[in-house]
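Novice: Predicted model and sequence below, questions to follow.
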Amino acid sequence: MFSERLGLYQGHALTWTEIAQTADCRLLLCDEIIAYLPFNAQEGFGPCTWENSSLRAWLNGAFFQEAFSCCSDRIVPYTVKTKHSADTTDRVWLLDADEARAYLVGKKIPFRGVAPFLVPQHIGQYIGIRRRDVWLLRSAPNDGEALSQAANVIESGDHPNKINDGGRNLNINSVAGVRPVIAVRR
């Protein structure tokens, strides 16, 4: 399994693991939760797609500028296809539920927990999750039926990489972990 250190965020070197390859690039998933943010920081629980989310704007703006100021030329713009959202071209994005199943379930992709500069937060305490290692996906749960909720992955010792895209999801303005994906040239 290929792993690489690339970028620096909050003074911490980021480690990435290869989850897939295309003809010209490798897709890398960050080994840690690097932030706790909502999918969309808005008032209320209105619907929102990946294309219009504040998390997408933050990942491709402030996060990208800080984390990859030394090596931004290595990050390849990538066309991200998301159900119920327009295709986007991003340098940093999140997995969707189908990708998480394909790339993570049954595979030994490292999850190192929460980055050392973060204070762990309990996520989903009002819906019964009560864990600090829940991270967001870019797809809506239930195949897009609930665009006001955020699908997520729950890490636990018994069931690592548990995809939560059915019931009991987070509202899109609920804070949860962020575990970004990037594409780098081969």
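Specialist: Done, it's in. Numbers count the residues shown, from 1 in each chain.
Novice: got the contact list for L55?
Specialist: Residues touching L55, when contacts are defined by Cβ atoms under 8 Å, 6 or more residues apart in numbering, comprise 37-40, 94, 136, 178. Any C-beta I mention is one placed from the backbone N, CA and C, and that applies to glycine too.
Novice: in this structure, what secondary structure element scores lowest on mean pLDDT?
Specialist: Among the helical and strand segments of the chain, the one scoring lowest on mean pLDDT, DSSP states H and E is strand 170-171, with a mean of 76.
Novice: What helices and strands are in contact with that strand?
Specialist: With contacts defined as 3 or more Cβ pairs under 8 Å, 6 or more residues apart in numbering; DSSP states H and E, strand 170-171 has these neighbours: strand 149-150.
Novice: so how far is the helix or strand just after the strand it packs on from its chain's centroid?
Specialist: Using DSSP states H and E, the helix or strand that follows strand 149-150 in sequence is strand 152-154. Relative to the chain's own centre, strand 152-154 is displaced by 10 Å; criterion: Cα atoms, centre = their mean, to the nearest Å.
Novice: How about stretch 16-32?
Specialist: On Cα atoms, centre = their mean, the centre of stretch 16-32 falls 13 Å from that of its chain.
Novice: re the thing from before, can you say which of the contacts of L55 are buried?
Specialist: Buried members of the contacts of L55, scored by 16 or more other Cβ atoms under 10 Å, are 37-40, 94, 136, 178.
Novice: mind listing which of these are in helices?
Specialist: Residues from the buried ones among the contacts of L55 lying in helices, with DSSP state H as the criterion: none.
Novice: JSON lines for these, including distance to Q21 and pLDDT?
Specialist: As requested, the buried ones among the contacts of L55 are arranged in JSON lines below (distance: Cβ to Cβ, whole Å; pLDDT from 0 to 100):
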{"residue": "L37", "distance to Q21": "29", "pLDDT": "92"}
{"residue": "P38", "distance to Q21": "32", "pLDDT": "90"}
{"residue": "F39", "distance to Q21": "28", "pLDDT": "88"}
{"residue": "N40", "distance to Q21": "31", "pLDDT": "88"}
{"residue": "L94", "distance to Q21": "19", "pLDDT": "97"}
{"residue": "L136", "distance to Q21": "24", "pLDDT": "91"}
{"residue": "V178", "distance to Q21": "24", "pLDDT": "95"}
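Novice: mind putting those in a markdown table, distance to C48 included?
Specialist: Converted to a markdown table, the buried ones among the contacts of L55 look like this (distance: Cβ to Cβ, whole Å):
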| residue | distance to C48 |
| --- | --- |
| L37 | 13 |
| P38 | 10 |
| F39 | 7 |
| N40 | 4 |
| L94 | 13 |
| L136 | 12 |
| V178 | 16 |
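Novice: Much appreciated, bye for now.
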